[in-house]
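Asker: just to be clear, the model below is a prediction. Sequence and coordinates:
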Amino acid sequence: MKIREISKKMTKRGDHFISKNGLSEFHLMAENELKLSSLHELFNLQEIADLTSKVKHSQSFNNLEFSDLPLTIARGEHCFIDLYFWRRRPTVIHNHHFVGSFMCLLGKNLDHEYKFKKTRRLTPFHDLGEIHLKCERVLLPGDSAPIPYLDKFIHQNHHQAELTVNVCFRSPQESSKCLSNYLFSGLRYGKDPALLGKVARLRRLLDLGDFDFKKIKLSHAELMQFLIESYGSASLNPRFLKFREYADKKIRKELNTDIQKLIEIHDKKFEEIENDYE
């Protein structure tokens, strides 16, 4: 299969480049490799379906962990190549803690790149600031965009076809950094695995039984993340509702921050963008 063989050769060249030059300029090399590869001309869904049973190396993501289907088709020592399948929908605004480039193979991407200026620290994982549109690009099959290192690339990708497929030539995630999501209202929240785990366990405990949550020492970060994740929940569990009210009052009083309002502002802007979809 040509697409797989070309991808294997690209990862070998990527390994050599990173070993010699490091990661700082890898996004430029990766984008150039994607442009030269013409993978969009070789992409065939039937061949990719056949490939899924033949790939033996480890996958970058668990199924449904990212995109509607992630598939790692080539893996080197310092870099790898993924295919990401997307139904018609937008992503959240997010940053990246890896280096590389992505190219559209099928469908259409409306890519919005942003810059974020922090104005206030709320917790170690939450900030308020200003988010501004840096540039807008339309990516059709064969078009690509670089992903510079760490927080230098914040974007939201609107997949505007019934099926959009992107190929991503990239380095692994920087394990010491957590990804962040951003709201149009200026709220940044870091997706720290330990924090997310604590909030998930607390949410589950509220479902399972009654306890005095006011006796638990909870950080502002935990309370704020709970409010973010529970926004819009249809749960009628009285323990859940009582805790959410407690967390909301505490964050309003001690941090002078209204999470619900910040999310509502974001959702309104998000809806305006979606209404502009072709």
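Answerer: Here it is on my side, so go on.
Asker: so for L122, what's the nearest residue that isn't a sequence neighbour?
Answerer: Excluding the flanking residues, the one nearest L122 by C-beta to C-beta, 6 or more residues apart in numbering is L255, at 5.7 Å. (Glycine included, C-beta is placed from N, CA and C.)
Asker: distance check, the one you found against I131.
Answerer: From L255 across to I131, the span is 19 Å (C-beta to C-beta, to the nearest Å).
Asker: what lies in contact with the helix or strand where E274 lies?
Answerer: For E274, the host element (DSSP states H and E) is helix 259-275. Counting by C-beta atoms under 8 Å, 6 or more residues apart in numbering, the neighbours of helix 259-275 from elsewhere in the structure are 90, 158, 183-187, 224, 227-228, 231, 248, 251.
Asker: quick one: which of those is nearest E5?
Answerer: The shortest gap between E5 and any of these belongs to H158, at 32.0 Å (C-beta to C-beta).
Asker: now do the contacts for the residue nearest to L122.
Answerer: Residues counted as contacts of L255 (C-beta under 8 Å, 6+ apart) are 122, 220, 224.
Asker: and the contacts of helix 259-275, which are buried?
Answerer: When neighbours are counted using 16 or more other C-beta atoms under 10 Å, these contain these buried positions: 90, 158, 183-187, 224, 227-228, 248, 251.
Asker: the closest residue to K250 other than its chain neighbours: how many residues sit nearby?
Answerer: Using C-beta to C-beta, 6+ apart and skipping residues adjacent in sequence, the residue nearest K250 is L223, 5.9 Å away. By other C-beta atoms under 10 Å, the residues close to L223 number 24.
Asker: just the element for L223, please.
Answerer: L223 belongs to helix 220-230, assigned by DSSP H and E.
Asker: may I see the buried residues of the helix or strand that comes right after that helix?
Answerer: The C-terminal neighbour of helix 220-230 among helices and strands, as given by DSSP H and E, is helix 238-255. Using 16+ other C-beta under 10 Å as the burial criterion, the residues of helix 238-255 that qualify are 239-240, 243-244, 247-248, 250-251, 255.
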